[in-house]
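Engineer: Here's a sequence, model it:
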Amino acid sequence: MDCIFCKIADGSIPSKKVYEDDKMLAFYDIEPAAPVHVVMIPKTHIASADELNEENSAIVAHIYSKVPEIASKLGLKGGYRVVNNCGADGGQTVFHIHFHLLGGKTLGKMC
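Structural biologist: This next block holds a predicted model:
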C-alpha cells in the first residue's frame, strides 16, 4: 500500500510525534493552518469516514477520547477545533481517515 499516513504510522516516514499508543498516532502537520495543528490518525488503514462501520468505528471513538488529553498537553485551554474532511469534494487530500486538531488562536467561522 502506498499510503503516506500508513508509512508515518509504521515509522518508515518520520514525524514529530505528539501522542502515540497502539491504536493511533498524533503528529504535527507539516503545513500548519493554525499555531497548533496536529494530525491524528488510526494505525489501521481506513480510507475515509465513508468506510466506517460497526467493526472499525471504535477507533474513531478512541481517537476522540484522546483529544482532551492531547489538547491539554498542547496548552489549548481556550478551545480548539477538530476537523475531518471526507472525499475529494470535502477537501480530503490523503485517503487515510484523519482528524486535524487546530488551536492556539481564535479560529474564524468555518462556513
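Engineer: what about the strands in this structure?
Structural biologist: 17-20, 24-28, 36-42, 80-83, 99-103 (DSSP state E).
Engineer: So which elements touch the third one?
Structural biologist: In terms of contacts (3 or more Cβ pairs under 8 Å, 6 or more residues apart in numbering; DSSP states H and E), strand 36-42 is packed against helix 4-9, strand 24-28, helix 58-73, strand 99-103. In short, each C-beta sits where N, CA and C put it, glycine included.
Engineer: What lies in contact with the longest one?
Structural biologist: Outside helix 58-73, the residues within contact range by Cβ atoms under 8 Å, 6 or more residues apart in numbering are 18-19, 21, 23-24, 26, 38, 40, 42, 44, 46, 52, 80, 82, 97, 99, 101, 103.
Engineer: Next, format the strands of the chain as a markdown table and append distance to residue 60 and mean neighbour count.
Structural biologist: Converted to a markdown table, the strands of the chain look like this (distance: least, Cβ to Cβ, whole Å; neighbours: other Cβ atoms under 10 Å):
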| stretch | distance to residue 60 | mean neighbour count |
| --- | --- | --- |
| strand 17-20 | 16 | 16 |
| strand 24-28 | 10 | 20 |
| strand 36-42 | 8 | 22 |
| strand 80-83 | 11 | 16 |
| strand 99-103 | 8 | 21 |
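Engineer: Fine, thanks again, bye for now.
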